[in-house]
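[1] sequence plus the predicted model coming up.
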Amino acid sequence: MGAHASADFTPDPPRADLDRNGNPMAAAKSSNTNWFVIGVSAAVVVVLAVLAFVVVLLNNQATDPGTAPSSDIVNQETGAISFGSGEDEIDTYVDFMCPICGQFEDAYGEQLQTAAANDEITLNIHPISILDRASQGTEFSTRAANSMYCVATEAPDSALDYFNLLFANQPEENTTGLTDDQLIDLATQAGADAAAECITDGTYSRFVAARTDETPVDPATGRFGTPTVAINGDRIDNADIQTEFSKILG
């Protein structure tokens, strides 16, 4: 037989999915393991991102001041419901379940409101809530303060009458307080029946909580209570109220 020329033979390069021993399964296993690790890592990142979002959302909700009342007589920044336009400003911070607040209104309420009506002072009333714990779980203090803002928003001309009715019908501490329906009845008596839905919905409850936290504190204790009184921006001790009022009101 004749001789045949031998052809050069160049082996195929190793396939990308083969290991150095030519075992495709080993490479596949390695590839699968890598993708599994990457997938788990990505899932962890997603979970952490979701948790971070939830934490931020909950924090925002906890500090959200809520809907602010829109009314010519309500200061949305301070929560003051204002009457009169006198140069001297008197701010009172009251909880509608606070018995000492009721005594304060009995002693000074008419005098303050008359001075405000005559524009001798500007009377700024701050409805706050510190006694929800004293209403057997009904949160009367918050609901009453909310209702005050509802009336100030829906029927500003009736706000002061409603304020007086709340104290005239003030419940005792450690009772359930007035129901929403009873608050609505008082609002209707004051000429503010338009406030009914707002009272039922608790529209300004978060706003009440936010403004409560801004009540001026007693420098001696670092805490606040009701009633709290400030004159021209300066908090005064309750023991000095009569003396300081006489300087302005006579």
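    Structure's in. What do you need?
[2] residue 77 sits in which helix or strand?
    In this structure, residue 77 sits in neither a helix nor a strand according to DSSP states H and E.
[3] looking at this, residue 242 is in a helix?
    Yes - counting by DSSP: H, G, I helix; E, B strand; the rest coil, residue 242 is part of a helix.
[4] and it, how many neighbours?
    Residue crowding around residue 242 was assessed by other Cβ atoms under 10 Å; the count is 10. In short, each C-beta sits where N, CA and C put it, glycine included.
[5] helices along this protein, start to end?
    Applying DSSP state H to the chain gives helices spanning 24-63, 99-104, 110-117, 140-154, 159-168, 180-189, 196-201, 205-212, 241-249.
[6] lowest-confidence stretch among these?
    Within the helices of the chain, confidence is poorest for helix 24-63, with a mean of 55 (mean pLDDT).
[7] can I get the CA coordinates of stretch 68-78 in CSV?
    Extracted C-alpha coordinates of stretch 68-78, given in CSV (Å, rounded to 0.1, in the frame of the first residue of the first chain):
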residue,chain,number,x,y,z
ALA,A,68,-54.0,70.5,60.6
PRO,A,69,-57.3,72.5,61.1
SER,A,70,-57.9,75.1,58.4
SER,A,71,-59.6,78.1,60.0
ASP,A,72,-59.0,81.8,60.4
ILE,A,73,-59.0,81.4,64.1
VAL,A,74,-56.6,78.5,64.3
ASN,A,75,-52.8,78.8,64.2
GLN,A,76,-51.7,75.6,62.4
GLU,A,77,-48.1,75.8,63.8
THR,A,78,-49.0,76.3,67.5
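[8] contacts for it, please.
    For stretch 68-78, the external contacting residues (Cβ atoms under 8 Å, 6 or more residues apart in numbering) are 80-83, 124, 126, 149-150, 152-153, 156, 159, 204, 207, 211, 214.
[9] quick one: the nearest residue to residue 96 once chain neighbours are set aside from residue 70, how far?
    Closest residue to residue 96 apart from its sequence neighbours, by Cβ to Cβ, 6 or more residues apart in numbering: residue 144 at 3.8 Å. Separation of residue 144 from residue 70 (Cβ to Cβ, to the nearest Å): 20 Å.
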